[in-house]
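Participant: what shape does this take:
(one chain, ligands or ions: 1)
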Amino acid sequence: AAAEKGGYDSFMEKEINDQPQAVGDTLLGRSDADGRLTLDELRVSPEELKSVNKIMVLACGTSAYAGQVAKYAIEHWCRLPVEVELSHEFRYRDPIVDANTLIVAISQSGETMDTLMAVRYAKEQGAKVLAICNTNGSTIPREADAVLYTHAGPEIAVASTKAFLAQITAAYLLGLYLAQIRGNKFQGEIKDILADLSKVPDKIQQVLDNSGQIKELAQLMSETGSVLFLGRHVGFPVAMEGALKLKELAYIHAEGFAAGELKHGPIALIEEGQPVFVVVPSPRGRDSLHAKVVSNIQEIRARGAKTIVIAEEGDDAVKAYAEHIFYVPETPPLLAPLLTTVPLQIFACELATAKGFDVDQPRNLAKSVTVE
Ligand code: G6P
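Facilitator: Numbers count the residues shown, from 1 in each chain. Down below sits the predicted model:
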């Protein structure tokens, strides 16, 4: 088993460290030298994809947060409405889906019963289903009309890490492919985004190589009872995933919020010493989101929060308000989740290890939930 873990103490650690490869392999062979997406493997024709007027992403757990990231990217690149819903909620209301709806079912295992049942239901309503899946030949891709495999390799640890980054990567590819066939973007722009994506694996490696400081912090915080996570735009699902990892691995009460929602409730939770992770948007992004999140950091800090900030290299403006700051390399704002998620995974894994928990097999959880 030690050999299977590649020299790491746990599969979780190995899988976190496998992420440059998981993302790289998911990108591999899916575009040509001119920057054209070549997703011929999809079993659905460009004509069918052109007739789509709405996308609904269905998934559970970590995969659903990958879906939320996908929404920001696909709506921006393709100008197509994207809804994201938990599979088990979707099926028990009266959702509006028809032949022009593309369902994107995201599942690492391809066996999650809730997602499988949602896929079956959507097909009955006449929708097309495309699966983003990490497990070859599993049930969801077999029942789907189309499949885009993530090439993260087998994920053994129960809580998902490398499959998450691979799902986000696959969703970006799908978004760019839809933009290409629907003519929403100039080929040159698609080529530029693909070039940025191809640099991401090395940047993830840099984050991994600089993880000493976050591990130290995790060890110092092993007695913490509650941690909050704030994010905005694509940083919002990243914050949710950071909180989920901490619940799953370290059994600590953790909650993620949209930073803009702070003043509508969660700020009441802030008291002296409350640790809050803040995923800060790039200062190079549009819409002054960076300034807004920096002012959120000031607000919570003034109320005694211990602020732990994930920011882009070169972002000096946040320094003054951060008790701890972890920098990730520069990348276009929409692609940032592939980097900002990593320190949060490392934090949860390290803290759980410090508490003596089995990070590969957290209590009460299953790798793939094949019952409703
Ligand atoms: C379980 C796992 C989670 C996973 C979720 C969805 O709850 O513990 O890590 O995110 O199922 O699994 P799927 O295989 O459908 O992505």
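
Participant: wait, what's in contact with the residue in the chain positioned nearest to the ligand?
Facilitator: Nearest to the ligand, among the residues of the chain, is Gly61, at 2.8 Å (Cβ to the nearest ligand atom). The C-beta positions use only the backbone N, C-alpha and C, and glycine is treated the same way. Residues near Gly61 by Cβ atoms under 8 Å, 6 or more residues apart in numbering: 160, 244.

Participant: if I look at it, what pLDDT would I see?
Facilitator: pLDDT recorded at Gly61 is 97.

Participant: report the next helix or strand after the least confident helix or strand in the chain by mean pLDDT in sequence order.
Facilitator: Lowest mean confidence among the helices and strands of the chain (mean pLDDT, DSSP states H and E): helix 46-50, at a mean of 91. Later in the chain than helix 46-50, the nearest helix or strand by DSSP states H and E is strand 54-59.

Participant: if we can go back for a sec, going by contacts, tell me the helices and strands next to the least confident helix or strand of the chain.
Facilitator: For helix 46-50, the packing partners by 3 or more Cβ pairs under 8 Å, 6 or more residues apart in numbering; DSSP states H and E come out as helix 162-182.

Participant: show residues contacting the least confident helix or strand of the chain.
Facilitator: Residues outside helix 46-50 that contact it (Cβ under 8 Å, 6+ apart) are 102, 128, 177-178, 181-182.

Participant: which of those residues tops the neighbour count?
Facilitator: Counting neighbours by other Cβ atoms under 10 Å, Leu102 comes out on top of the contacts of helix 46-50 with 26 neighbours.

Participant: state the next helix or strand along the chain beyond the helix or strand encompassing it.
Facilitator: Applying DSSP H and E as the criterion places Leu102 in strand 101-107. Heading C-terminal from strand 101-107, the first helix or strand you meet, by DSSP H and E, is helix 113-124.

Participant: contact partners of the next helix or strand after that following helix?
Facilitator: Where DSSP H and E defines the elements, the next helix or strand beyond helix 113-124 is strand 128-133. With Cβ under 8 Å, 6+ apart as the test, strand 128-133 has contacts from 42, 44, 48, 52, 66, 99, 101-110, 119, 122-123, 140-141, 143-150, 167, 170-171, 174.

Participant: any idea how far strand 128-133 is from the chain center?
Facilitator: 17 Å (Cα atoms, centre = their mean, to the nearest Å).

Participant: likewise for stretch 263-276?
Facilitator: A distance of 24 Å separates the centroid of the chain from that of stretch 263-276, by Cα atoms, centre = their mean.

Participant: kindly report the same for stretch 250-263.
Facilitator: Using Cα atoms, centre = their mean, the offset of stretch 250-263 from its chain centre is 16 Å.
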